[in-house]
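K.L.:
heads up, no residue letters with this:
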């Protein structure tokens, strides 16, 4: 019953995003925005639709079930980032929006790492993950590693598309900037990247503490599943 409801909700959200994409891109064209901005906004909606399809792909192609609560967290985060942040330009309108999402991303990435550990143990019985210290280290390193990859992607995208994903501009926090905007210089230009990684670390540490406290009960539950 829950899966049916989630499937219906997923379809509704997918059509909502598609409708928002058409409306937003159409408005940008009517407002005679630059093609750079139109393409950038459009790509955010395409990426969001691909993410919506990902759980179905994992389930049908690889027979991997993504927990429904984790799926909801991922969709909410990606919607807040790709649609509200870039598509509707909340990054430019709300200066702290980027920092809020990076704090959430560290938490979310660590939850994904925790889920992956359970998938690996269920498939291959890797008892190395039974060590709680290794578990916590893995959660933190996984989150920081993907956070660093994200920063590399932002840097590459900014270099190729001329955007401001890493917020190196002093006069705007939006992903799109104009020739009138002024860039940050020196140490200040590193602030956004380093703050993002620090927030990734904070979110990862929260989940690591949870994993450390709940470790014995999680392993006990896993052993019962294996025994049955």
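P.N.:
Received, thanks. Treat the numbers as computed from the prediction; the structure is a model and nothing was measured.
K.L.:
residues near the closest residue to residue 165 other than its chain neighbours, how many?
P.N.:
Residue nearest to residue 165 in three dimensions, not counting chain neighbours: residue 154, with 4.0 Å by CB to CB, 6 or more residues apart in numbering. Bear in mind the C-beta positions are built from the backbone N, C-alpha and C, glycine included. Using other CB atoms under 10 Å, residue 154 has 19 neighbouring residues.
K.L.:
list the contacts of residue 105.
P.N.:
Counting by CB atoms under 8 Å, 6 or more residues apart in numbering, residue 105 touches 77, 147, 150, 199, 200, 203.
K.L.:
ok, and for the strand or helix carrying residue 20, which residues are buried?
P.N.:
For residue 20, the host element (DSSP states H and E) is helix 2-30. If you call a residue buried by 16 or more other CB atoms under 10 Å, then helix 2-30 has these buried ones: 10, 13, 17, 20, 21, 24, 25, 28.
K.L.:
returning to what we had before: the residue nearest to residue 165 is in what secondary structure piece?
P.N.:
Using DSSP H and E, residue 154 sits within helix 132-161.
K.L.:
where in the chain is pLDDT low?
P.N.:
Residue ranges of the chain with pLDDT under 70: 1-4, 120-130, 218-219, 221-228.
K.L.:
now do the helices in it.
P.N.:
Secondary structure of the chain (DSSP state H): helices at 2-30, 35-61, 68-78, 90-93, 97-124, 132-161, 191-227.
K.L.:
how about these, which one is nearest residue 170?
P.N.:
helix 191-227 (10.4 Å; CB to CB).
K.L.:
in JSON lines: the contacts of residue 105, plus distance to residue 70 and neighbour count.
P.N.:
Shown next, in JSON lines, are the contacts of residue 105 (distance: CB to CB, whole Å; neighbours: other CB atoms under 10 Å):
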{"residue": "77", "distance to residue 70": "11", "neighbour count": "17"}
{"residue": "147", "distance to residue 70": "18", "neighbour count": "23"}
{"residue": "150", "distance to residue 70": "18", "neighbour count": "17"}
{"residue": "199", "distance to residue 70": "20", "neighbour count": "21"}
{"residue": "200", "distance to residue 70": "18", "neighbour count": "28"}
{"residue": "203", "distance to residue 70": "15", "neighbour count": "23"}
